[in-house]
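Enquirer: any chance you can model this:
(chains A, B, C and D)
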Protein chains: 2
Amino acid sequence: METVACCSPLTASPLTSEQAERIAPLLKAIADPVRLRLLSLVAAHEGQEACVCDLQAAFELSQPTISHHLKVLHEAGLLERSKRATWVYYSVRQEALADVAELIGGSR
Amino acid sequence: METVACCSPLTASPLTSEQAERIAPLLKAIADPVRLRLLSLVAAHEGQEACVCDLQAAFELSQPTISHHLKVLHEAGLLERSKRATWVYYSVRQEALADVAELIGGSR
DNA sequence: CTCGAGTATTGATGTGTGTCAACATAGACG
DNA sequence: CGTCTATGTTGACACACATCAATACTCGAG
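Expert: You can find the predicted model right below:
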């Protein structure tokens, strides 16, 4: 659950296998259309957070499937989880996204 | 072979399914430890390009496997291919990487 | 305590993907 | 033309993963 990143931009110097192995799962978490939309839905939601019920409504997928994708994003360190009453609210860890972006976009 | 990107940052407004479906394959291409290293090896190589023989030496994988990964990166629009004599040289399309980075890191 | 609503977990299934061995292609060089 | 080197393609296989139905868990509300 520790968060993300580790390295200077991709284009700066060659990644070691260890670095690559560490980063890949993070990118894998984002590399899915459903999870991309989940991320952007949460980020664009008011208060930067949304409950599962809000999110599920945007898809034609079963509740367990949505729950699964949220778990993946959470375990990758991209979404924060907070339970309030019956509801679970997810919010984006911007630092995590920023780290990934810096890793990839060293050219700017 | 058209290149990449399409949208404002993830965190700006919710992605449509179409946008997400279009972007996901790109991220999938990067979301592999071998391909991450290939990208960074090419980028960090002198002249921003490298031939397959150079790259293969950095891995303990078969030549067809390296060739396969390079194909994936090329078809995603992340690597440029140019054949000179017997060798094939790959170079990084920085604009593509930059686009992806901007998509993800809207928070900066 | 019981019930129901919101989420998570489990097990099963089909599809995708990384890898290799074997083979095919392309070009340099004799 | 043959041969050797560099690279790509094909087919096969094991494993990972997205999805769902069924089930379990967690809490307010009554």
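
Enquirer: which helix or strand in chain A has the lowest average pLDDT?
Expert: helix A:94-104 (a mean of 93; mean pLDDT, DSSP states H and E).

Enquirer: near DNA strand C, which residues of chain A? Just list them.
Expert: Residues of chain A found near DNA strand C (C-beta under 7 Å from any atom of the strand) are A:51-53, A:56, A:63-64, A:67-68, A:70-71, A:81, A:86-88. Every C-beta, even on glycine, is put in place using the N, C-alpha and C of the backbone.

Enquirer: put the buried members of the residues you listed into a PyMOL selection.
Expert: Selection of buried members from those for PyMOL, criterion 16 or more other C-beta atoms under 10 Å in any protein chain shown:
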select buried, chain A and resi 51+52+56+70+88
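
Enquirer: pLDDT below threshold where in chain A?
Expert: For chain A, the stretches flagged by pLDDT under 70 are A:1-5, A:106-108.

Enquirer: what residues does residue A:82 make contact with?
Expert: Contact analysis of residue A:82 by C-beta atoms under 8 Å, 6 or more residues apart in numbering or on different chains lists A:49, A:88, A:89, A:90, A:91.

Enquirer: for DNA strand C, give me its nearest residue in chain A.
Expert: The minimum distance from chain A to DNA strand C, using C-beta to the nearest atom of the strand, falls at residue A:64 (2.9 Å).

Enquirer: that residue and chain B, how far apart?
Expert: To chain B, residue A:64 is 20 Å away according to C-beta to the nearest C-beta, to the nearest Å.
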